[in-house]
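Enquirer: What follows is a predicted protein model with its sequence.
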Amino acid sequence: MSRLMMLRAGCALPLCLALPALAQAPDAAADQSAYHDQRADIVVTALIPRRQGDILSGTTVVSGDQLTRELRPSIGETLARQPGVSATSFGPNASRPILRGFQGERVRILTDGIGSFDVSNTSVDHAVAINPLTADRIEILRGPSALLYGSSAIGGVVNVIDSRIPRRVPDEPVHIDALGTYGSAANERSGSGEIEVPLTNNFVVHLDGSYSKTGNLDTGSYILTPALRAQAAASDEAEIRDLASLRGKLPNSAARSWEVAGGFAYIGTGGNLGVSVAHTDSRYGVPSRYEVAEEHEDHEGHEEEEGHSHEDVTLAMKQTRVDLRSEVAVNGGFLDSIRFRAGYADYQHEEIEPSGEVGTTFDNQSMESRLEFVQAKRGGWDGASGVQYFTRRFEVVGEEKFLPRNQTEQFGVFTLQSLDLGATRIEGGARYEHSRLSADADDALFFDGRNRSFDAVSGSLGISQAILPDWRIGLNLSRSERAPSAEELFARGNHAGTQAFELGNPDFGKEKSWGVEGTLRGSGAGYSLSLAAYHNWFSGYIYESVADDSVCQAVNGGEELEFPCYAYAQADARYYGFEAEASVTLATIGTTKIAADGLADYVRATIKGSGPAPRIPPLRLLGGVEAQGERFSARAEVEHVFDQDRVTGFETPTDGYTMVNASLSFKPLMGNDRTTLMLSANNLFDVEARRHASFLKDYAPLAGRDIRLTARFSL
């Protein structure tokens, strides 16, 4: 069956389900589903929407003024100050979230419950094709329940929720939201706007667009680490010596992007049905990895280099995607509603050399759909079950091709069941997933083609107990299985993004793990506390390790390697860590509340026989004081990230840093909380900061002092 036929069949199913029910509801009302509940403490990604305190696993919701304050051009940097979250920080433009030390294939990035349909999981220099500027809220779901969105979500799920497919009929004739931001560190100028117009009592049309442009990022410090500067300063070559004094602007980090989208929805008392189309276009620079080692001659008189340089490459990315969402209110004895989500995208990006020539092209076509059956609550029992289908066709063409053309197809069945006994709550989830991965024969990669199939079963069981009024303690047990990705199975070529010749293993088995997580949540008059501690044991954990060059040369036709040899391997591993959040009201002066809050997170990861897992974020502490009034609010916070000296053999240690941030916001319109003016200062003292989880940390520090002015308008 062709992709087009599968998409048509998938789209026809919700239409058949939805139209009869919708036809019974000529008088529309606002969407009554829990998906439309925009209260900050409701987590809609949890399959059965619940309050954060009712969920056994760790959850975070970023919305409102907090989202406005944290908003950055990339989803990774937008979320980097949330508990348990770091970012890949491959320069300011390609930054993907890291959850509990997991990244890439072990974290799912979604938009309204459906994948981002990009290749950001393939390499750290590839940006996520989701625009935070158009987000209404962002939800982070960690722990066992995240596996209901795919076996690759063992680290967690990030779900960006927008209103591109409307969820309600506006009360006003025209509803307008607009956002504009200026940031000094990169001369960032960005703006977005959306408009919703009710055509009748039932139909709504939506249009939105955004534009962002940045210059080279001002780091406020030296570009290279002290060790690399010392090495450069000792060079006999003037060009290399000059690198020791390079500071301030991060070369080749400018970006420009735009996006336009339209959506249409029918919303009635019997359910809703909507569709949207979006196009994204982006071009951004990849910061350079400078070569500070000098050339020398080997014993045969040939010139060699100690290390490898990286040219000023820019990426030109574009994506066109179509999304569909429908929901039917069944209101039956067993089923409450039926939901359907589907999306298809055509993605491409070109890696453009300094000469202007296209070096490598990445093409990706993906489709994903979810059908969910939400049960009616019967006593204390409720739940939801469903099926999910995903397909991807991925091809790399050009001089840095490191993968054969490959296809991935996954089919999953899942359920989540919950029993509320009052003081005791029990929750269980299970997922079965069948994956089929195939790669075409490719003479350029000396690859004869392979096909693999995997059947993965994952499950979790959790229990929480009330120990005091508004205080609960919980325990989760989970067993998960993950099929290897196409990159882990079939890679065999030079990959400039990671500066490695990557070698996969088509004979890999499944990655399996056991996990346990304990939680404690509570609140009282003027305070709240949330604690989570977790431990995961892996067998068949897939990771990259340094290998002898002869290993990669053997599969490369005996040719010389452009980059060092890194081969994927499997071994036992374990991850453990904790996250903690707390807040307390210090005083109330009139209508102004003064509160303090803090968070801490830590993760430790070890691969048996190899040592520490690479790029694991160190211990972090963040604390803030905020004055919250009806129209004014002010906040100051301090973030301290500790040294990371627990590293692998191919990493360097990373110094810690302390950042001070402050913000001031004003709501100029009485009764309109969504219209806000905000002035913020990030990294107020212009400290040098490097994120250990970044491949580029030794060559690309984080932003220096960044004064940001943001205006959000809603009418």
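Expert: Looks like it came in fine.

Enquirer: drop to CA atoms for contacts and neighbour counts, all remaining ones
Expert: Noted.

Enquirer: Show the subsequent helix or strand relative to the helix or strand of the chain with the lowest mean pLDDT.
Expert: Lowest by mean pLDDT, DSSP states H and E among the helices and strands of the chain is strand 303-305, with a mean of 42. As assigned by DSSP states H and E, the chain's next helix or strand after strand 303-305 is strand 314-329.

Enquirer: Next secondary structure after that next one?
Expert: The helix or strand immediately downstream of strand 314-329 is strand 335-352, counting by DSSP H and E.

Enquirer: Which strands or helices does that following strand pack on?
Expert: Packing partners of strand 335-352 (3 or more C-alpha pairs under 8 Å, 6 or more residues apart in numbering; DSSP states H and E): helix 3-23, strand 114-115, strand 314-329, strand 358-375.

Enquirer: let's see 10 Å
Expert: With contacts defined as 3 or more C-alpha pairs under 10 Å, 6 or more residues apart in numbering; DSSP states H and E, the packing partners of strand 335-352 are helix 3-23, strand 114-115, strand 271-285, strand 314-329, strand 358-375, strand 381-398.

Enquirer: what angle separates it from strand 358-375?
Expert: 180 degrees (axes from the mean of the first three to the mean of the last three C-alpha atoms, to 10 degrees).

Enquirer: what angle separates strand 335-352 from strand 271-285?
Expert: Using the same axes, to 10 degrees: strand 335-352 against strand 271-285 is 20 degrees.

Enquirer: Each with direction, which strands does strand 335-352 pair with?
Expert: strand 314-329 (antiparallel), strand 358-375 (antiparallel) (DSSP bridges).

Enquirer: For it, buried residues please.
Expert: Within strand 335-352, the residues scored as buried using 16 or more other C-alpha atoms under 10 Å are 335-352.

Enquirer: same thing with stretch 494-506?
Expert: Buried residues in stretch 494-506 (16+ other C-alpha under 10 Å): 494-497, 499-506.

Enquirer: now the residues you listed as TSV including secondary structure?
Expert: Listed next are the buried residues of stretch 494-506 as TSV, based on DSSP: H, G, I helix; E, B strand; the rest coil:
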residue	secondary structure
494	strand
495	strand
496	coil
497	coil
499	coil
500	strand
501	strand
502	strand
503	strand
504	coil
505	coil
506	coil
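
Enquirer: Nearest to residue 208 among these?
Expert: Lowest distance from residue 208 to the buried residues of stretch 494-506 (C-alpha to C-alpha) belongs to residue 497, with 32.4 Å.

Enquirer: residue contacts, that closest one?
Expert: 90, 122-126, 286, 310, 400, 695 (C-alpha atoms under 10 Å, 6 or more residues apart in numbering).

Enquirer: just the buried members of these?
Expert: For the contacts of residue 497, a burial check counting by 16+ other C-alpha under 10 Å picks out 90, 123-126, 286, 400, 695.

Enquirer: From those residues, pick the one nearest residue 555.
Expert: The closest of the buried ones among the contacts of residue 497 to residue 555 turns out to be residue 400 (C-alpha to C-alpha; 15.8 Å).

Enquirer: related to what we said a few turns ago, among the buried ones among the contacts of residue 497, which are located in strands?
Expert: Taking DSSP state E, every one of the buried ones among the contacts of residue 497 sits outside strands.

Enquirer: just checking, which of those residues belong to helices?
Expert: Using DSSP state H to define helices, no part of the buried ones among the contacts of residue 497 is located there.

Enquirer: what's the neighbour count on residue 388?
Expert: Residue 388: 21 surrounding residues under other C-alpha atoms under 10 Å.

Enquirer: Leaving out sequence neighbours, find the closest residue to it.
Expert: Spatial nearest neighbour of residue 388, chain neighbours left out: residue 370 (4.4 Å); criterion: C-alpha to C-alpha, 6 or more residues apart in numbering.

Enquirer: swap in residue 715?
Expert: residue 176 (5.2 Å).

Enquirer: a helix runs through the one you found, doesn't it?
Expert: No: secondary structure assignment places residue 176 outside any helix; it is strand (three-state DSSP).

Enquirer: re the thing from before, considering the buried ones among the contacts of residue 497, which is situated nearest to residue 230?
Expert: Of all the buried ones among the contacts of residue 497, residue 230 sits closest to residue 695, with 20.2 Å by C-alpha to C-alpha.
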